[in-house]
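Undergrad: Give the three-dimensional model of this entry:
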Amino acid sequence: MPHPKQHSRFFTAASLSERQFNERGYDYHAAKEVVAGELEKLTAEQQDWVTRLEGSRRGRSKEVRARISAILCADWGKGVEKRAVYVADVRGRRVYRREPPVEGWGVGAILAEADRLSSDGRVLATFDAPLGVPESYLAAAAGVKSWGAPGNFLEFLRVAHGTPHFYDPTKVAEDWRVERPFFCVPKGKGGLTSYQSAATRHGVQLLRSIDRRTRAKTMFATSGIPGSVGSATCALWREMGSLLQNERNFKVWPFEGSLETLLRSSVICVGEIYPRAAYATALVDGAVEGRAPVSLAKTDGDIRSLAIHALLESKWVRLHGVRIEDAEDAENSEDDFDACVTAAALLRCELEELPFCGPWLECDQTEGGMLGTGSINLALSEQPWRDVAGGAAARSFRCPIPGCEKIYEGTRGGWDSHVASVRAHSLWHPEVVSAEERKLRFKEEFSEFF
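TA: Residues are numbered from 1 along each chain as shown. Got it, this is the predicted structure:
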């Protein structure tokens, strides 16, 4: 199927926004009349794509959107070994893995990478860890005399950064207090509830509004529950708190303004992401209004392989000519998977001019928000991704080597180790014993497999 970009008039009038088209010195509406006949030559799939692109634009603000050249997505963890960074190159329409420096990824290293990329334009540097606190927590923080009643999250982070034992988690709920909010959930029934009750006694709710909307875990739990994010939060806040003490070349969304405002005033903008909220944007086609959040068992390697294959084959990737590089790394590591899929989701938002965040930030100066949540409908119930994927997850591929009965279900993942085995294919080039040479020979002889 020809890529829409091959239809020059179609691509200009239908795939570019009105702003982008007018900036090139043409009359957008006149061109749309000229191109009307061109649509008849397109496939049904391409015509459906044009309809959805135009539909998404009709409800969009007329404010000129600041252009972004690159988006860094950092899957974050307590230790550097649990961090991965993927970059969405907007102009190049590709997503790729960024190798970590020798010391591993830290906030400073990521901002240095963002600074390097900013030579080509504005950069979003995003972290998979909370930036913001529950509104009730900041209200309670006003009672800590040494903190001086911080007015927003960034002010809070500056003063909390120097508080002794602030990041040391408690292990008994009775020890919880505003000045020491992080905790290890005790084993046994009621462990988390005991801390929720302790926080309530201080007038604090442990979840932000966006956490409840996206079914995220509390930022204060460092261990004891599946998917705890407290340790990653501490790691991010420690570094970010230190950087906020000095002059800086970045702004933090949404605490210092709207994304549009910050991208015009600074070449680097830092924000929060939540991969679970990005899965649907990257993996599910269709209009935003009907795009429900999806759950995905990313710890299962087979599921990761299915999802990455679905991403590579998705309509929006093919129709925008996007290249997803280093896909094998994303299949092999859940950290890489989250960074890759989130980078793809945010790239889609930028290419299709979808909102990065919804209009429902209840308390943006305190609670913050999650980039990537504006392109899904959080009012819909979360659905298992395999149910949404349907046929994409049910595809199968037979090994084309004569006499081999191997069938790959849903994805071709694992083909390399399979074809590298002389024992599994004793009659196929038995003289080639090098695994790398066998894989190259396979690609040459059975290119249609890919």
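
Undergrad: CA only for contacts and neighbour counts going forward, please
TA: OK.

Undergrad: in the protein, what spans have low per-residue confidence?
TA: By pLDDT under 70, the low-scoring segments of the chain are 1-65, 360-362, 389-397, 409-411, 448, 450.

Undergrad: can you list the domain ranges for it.
TA: 4-58, 67-394, 396-449 (automatic domain parsing).

Undergrad: after the one helix or strand residue 335 maps to, next one along is what?
TA: Following DSSP states H and E, one finds residue 335 within helix 334-352. Later in the chain than helix 334-352, the nearest helix or strand by DSSP H and E is strand 383-384.

Undergrad: Contacts made by the helix or strand just after that following strand with the rest, please.
TA: The helix or strand immediately downstream of strand 383-384 is helix 385-389, counting by DSSP H and E. With contacts defined as Cα atoms under 8 Å, 6 or more residues apart in numbering, helix 385-389 is touched by 284, 294-296, 310, 393.

Undergrad: Next, check those against the strands and list the overlap.
TA: Those of the contacts of helix 385-389 mapping onto strands are 294-295, per DSSP state E.

Undergrad: Quick check, residue 435 in contact with residue 421.
TA: Yes. Between residue 435 and residue 421 there is a contact at 7.1 Å, judged by Cα atoms under 8 Å.

Undergrad: quick revisit: could the C-alpha coordinates of the helix holding residue 335 be exported in CSV?
TA: Provided in CSV are the C-alpha atoms of helix 334-352 (Å, rounded to 0.1, in the frame of the first residue of the first chain):
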residue,chain,number,x,y,z
GLU,A,334,10.2,-4.3,30.7
ASP,A,335,12.1,-1.0,31.4
ASP,A,336,12.9,-0.6,27.8
PHE,A,337,9.4,-1.6,26.8
ASP,A,338,7.8,1.2,28.9
ALA,A,339,10.2,3.8,27.6
CYS,A,340,9.8,2.7,24.0
VAL,A,341,6.0,2.5,24.0
THR,A,342,5.6,5.8,25.9
ALA,A,343,8.0,7.6,23.5
ALA,A,344,5.9,6.2,20.6
ALA,A,345,2.7,7.4,22.2
LEU,A,346,4.0,11.0,22.8
LEU,A,347,5.3,11.0,19.2
ARG,A,348,1.9,10.1,18.0
CYS,A,349,0.4,13.0,20.1
GLU,A,350,2.8,15.4,18.5
LEU,A,351,2.4,14.2,14.9
GLU,A,352,-1.4,14.2,15.1
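
Undergrad: where along this structure do the strands fall?
TA: Applying DSSP E to the chain gives strands spanning 70-75, 84-89, 94-98, 123-127, 183-184, 221-223, 251-252, 268-272, 294-295, 323-324, 383-384, 396-398, 407-409.

Undergrad: ok, and what's touching the fourth one?
TA: Applying Cα under 8 Å, 6+ apart, the contact partners of strand 123-127 are 68-76, 110-111, 114, 117, 267-273.

Undergrad: now the angle between strand 70-75 and that strand, please.
TA: Strand 123-127 and strand 70-75 are oriented at 10 degrees to each other (axes from the mean of the first three to the mean of the last three Cα atoms, to 10 degrees).

Undergrad: List the neighbouring strands of strand 123-127 plus their orientation.
TA: Note on strand 123-127: by DSSP bridges, its sheet partners are strand 70-75 (parallel), strand 268-272 (parallel).

Undergrad: Using CSV, list the CA coordinates for that strand.
TA: Listed next in CSV are the C-alpha coordinates belonging to strand 123-127 (Å, rounded to 0.1, in the frame of the first residue of the first chain):
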residue,chain,number,x,y,z
VAL,A,123,12.8,19.2,23.8
LEU,A,124,10.5,17.4,26.3
ALA,A,125,12.4,15.5,28.9
THR,A,126,9.9,13.2,30.7
PHE,A,127,10.2,10.9,33.7
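
Undergrad: Run the chain-centre distance for that strand.
TA: Put simply, strand 123-127 sits 10 Å off its chain's centre (Cα atoms, centre = their mean, to the nearest Å).

Undergrad: do the same with the second one
TA: In terms of Cα atoms, centre = their mean, the centre of strand 84-89 is found 9 Å from the chain centre.
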